[in-house]
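>>> Okay, sequence plus prediction incoming.
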Amino acid sequence: MDVYFNIYCSMKFLTGYKIYENKSRIDDICRKYTIINYTIKPDGSIDVDGSVDINKCKLEKLPLKFGHVTSYFDCSKNYLQTLEGSPDSVGGDFYCSDNELTSLKGCTSKIDSFFCSINYLYSLEYFPTEIGGNFLCRRNPIHSIVRYFIYSNAVIMKRNGFTLCGLIEFFNDADIVQDHNIICDRLVWFFEEIGLKEVGSNGLLYTKEYDFNRILSNVSTKYNLIR
């Protein structure tokens, strides 16, 4: 009985110490990156009442797991290769531009505006499910495609009843992008389904006349075309 009791007490002490050690480590990290007004949750993630600004910190990964951030979240201008650890939700804008991202996996699902320019994104898989503001992804391979329907999305969404996230979801569901390959028939089908040809003829794109060959030629500078 004494043996079992001693083991129980030892395990309880070690567990308590581990919780304290984790809290102490989180406090140290928050001080290092000037994160204030935070609450440590039982799973070790933190909620922040305010903003998180960890841009230009030479980060290769996010230093903590974030829960809800009430204002903006800025992790731009680092060396991030993953968004794992991103907040579950952000009350303001989400900035992850100018990193080394090849995927949006781990990205926050609910945000206001989303800025992910200057990365290495070939697809929009794991795109947020709810965006209240703008979306910008310039200087990514995927931009060579989405620029043709994102910049005219107000007209497209009005005619088809899409939200921005719904339009991206429809694009993803079409399975157009496969690694670094573009399935041309599916891309053409997608453009026709959202009425892009009609929009293009009204001069709302870069080219006043909708030209599949010209678009595919531009896309081919970033992707392999599968015809």
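Structure received. Numbers count the residues shown, from 1 in each chain.

>>> correct me, but residue 119 touches residue 95?
No: if you go by C-beta atoms under 8 Å, residue 119 and residue 95 don't touch, sitting 11.7 Å apart. Using the backbone N, CA and C atoms, a C-beta is placed for each residue, glycine as well.

>>> Thought residue 89 was touching residue 70, still the case?
No: Residue 70 is not in contact with residue 89 according to C-beta under 8 Å; the separation is 9.2 Å.

>>> Which one of these two is surrounded by more residues?
Shown here are residue 70 and residue 89; by other C-beta atoms under 10 Å, residue 89 has more neighbours (19 against 16).

>>> Not counting sequence-adjacent ones, nearest residue to that one?
residue 110 (4.2 Å; C-beta to C-beta, 6 or more residues apart in numbering).

>>> Am I right that that neighbour is in contact with residue 128?
Yes: judged on C-beta under 8 Å, residue 110 makes contact with residue 128 at a distance of 6.7 Å.

>>> burial count for residue 60?
By the measure other C-beta under 10 Å, the count of residues near residue 60 is 11.

>>> Report the secondary structure state of it.
Three-state call for residue 60 (DSSP: H, G, I helix; E, B strand; the rest coil): coil.

>>> what's downstream of the helix or strand bottoming out on mean pLDDT in the chain, the next helix or strand?
Counting by mean pLDDT, DSSP states H and E, the chain has its least confident helix or strand at helix 196-201, which shows a mean of 51. Using DSSP states H and E, the helix or strand that directly follows helix 196-201 along the chain is helix 212-219.

>>> Show me where the chain has its helices.
Using DSSP state H, the helices of the chain run over residues 2-32, 143-150, 153-160, 164-173, 184-193, 196-201, 212-219.

>>> ok, residues contacting the fifth one?
By that I understand helix 184-193. Here helix 184-193 makes contact (C-beta atoms under 8 Å, 6 or more residues apart in numbering) with 145, 148-149, 170-171, 174-176, 197, 210, 212, 215-216, 219, 225-227.
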